[in-house]
Structure formats: C-alpha cells, structure tokens
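Participant: Quick one: sequence plus predicted model below, questions after.
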Amino acid sequence: MNWLRTLLLGGATAALPAEAPDEPPYRQDACPDCGCDDFTAGGPTVRHESNGSHSRVPALSAVLCCLGCGARWYGTPHGLKRPHEAALPPQWAIIDAQAKAQREQAQQQRAQVARQAANGPHPIPRGPGDGFRKPPKPR
C-alpha cells in the first residue's frame with residue numbers, strides 16, 4: 001500500500017490521514033436457544049448518549065427474530081441478549097400478544113375438559129324415584 005501512495009503522490013505521504021486502526025474480526029452469533037445463525041431484523045436498537053449540552057441516539061443494531069425458533073434478540077458488542085416485551089417493534093408485539101392470547105385460550109379449554117372428565121358422566125335417572133313418572137291415567 002505504501003508503494004501506491006508513493007507512486008500516486010510522488011512521495012508526499014504527509015498529506016494522507018493516518019491509517020485506521022485494525023478492527024477486531026467479526027464473529028457470527030447464533031441463537032442461544034436453537035443454535036440457528038439466521039435472523040430477520042425488526043426495528044433498530046439504539047443507545048442514548050449525552051454530554052450535558054447535546055444528546056444523541058446512534059443506531060447500533062436491530063431487534064432480531066431467529067428464523068429457527070422465533071426467539072427475539074437484540075445485538076450488542078458482546079453478543080445477543082433477550083429484549084423486554086415492551087421494547088419489541090409494534091408488529092412483533094401484536095403478533096406475540098395474539099399468540100399469547102391463543103395459548104391462554106387453549107389452556108383454558110384443556111382445563112375445562114379436564115374438569116369435566118374429573119366430574120365423570122352424569123347418571124341417567126332410572127326407576128320410579130329417579131325423576132321419571134308415569135303419565136296420569138286418562139278419565
């Protein structure tokens with residue numbers, strides 16, 4: 001690279017900015033739940049910074065949904081972390097709320113079936129003292 005600078009600038013390398021420090025290599029994070037490394041991205045994740053006179057919100061990553069198991073994550077420099085339910089993008093929050101309501105309804109139906117099975121079948125009244133009576137004799 002230095003020979004190219006010398007060739008292009010004729011030896012004047014003082015005008016060029018210093019080279020950026022080498023970045024550490026990136027790693028490919030996988031879902032801690034299922035091990036899948038494919039995600040779909042939702043809303044951005046940001047960090048709030050302020051110095052007393054200014055405030056800024058730089059974008060860092062995105063809220064991620066694992067394509068293997070559907071778990072929600074957000075990216076940090078240290079890896080994936082699970083977000084709070086209230087911090088999910090609105091579309092995902094609606095989908096999760098609907099799925100939760102369906103799970104609760106199914107659980108209630110299973111509990112009702114279990115209660116009915118525990119009570120057992122109701123006996124059919126048989127005999128004169130069990131509710132069946134003969135009709136009155138005609139006159």
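Facilitator: Now that the structure is in, tell me what you want to look at.
Participant: Do you have the helices of the chain handy? List them.
Facilitator: 2-9, 90-119 (DSSP state H).
Participant: Distance to D33 added to those helices, as CSV?
Facilitator: (Each C-beta comes from the backbone N, C-alpha and C, glycine too.) Putting the helices of the chain into CSV (distance: least, C-beta to C-beta, whole Å) gives the following:
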stretch, distance to D33
helix 2-9, 48
helix 90-119, 15
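Participant: Out of those helices, which gets the lowest mean score?
Facilitator: Sorting those by mean pLDDT places helix 2-9 lowest, at a mean of 58.
Participant: rewinding a little: what's the closest of the helices of the chain to F39?
Facilitator: Closest approach to F39 among the helices of the chain is made by helix 90-119 (12.6 Å; C-beta to C-beta).
Participant: Worst mean pLDDT across the helices and strands of this protein, which element?
Facilitator: When the helices and strands of the chain are compared on mean pLDDT, DSSP states H and E, helix 2-9 comes out lowest with a mean of 58.
Participant: is the most centrally placed residue in the chain in a bridge, and if so with what?
Facilitator: Nearest to the mean C-alpha position of the chain, by C-alpha atoms, centre = their mean, lies R72 at 2.5 Å. R72 has these beta-bridge partners by DSSP bridges: C65.
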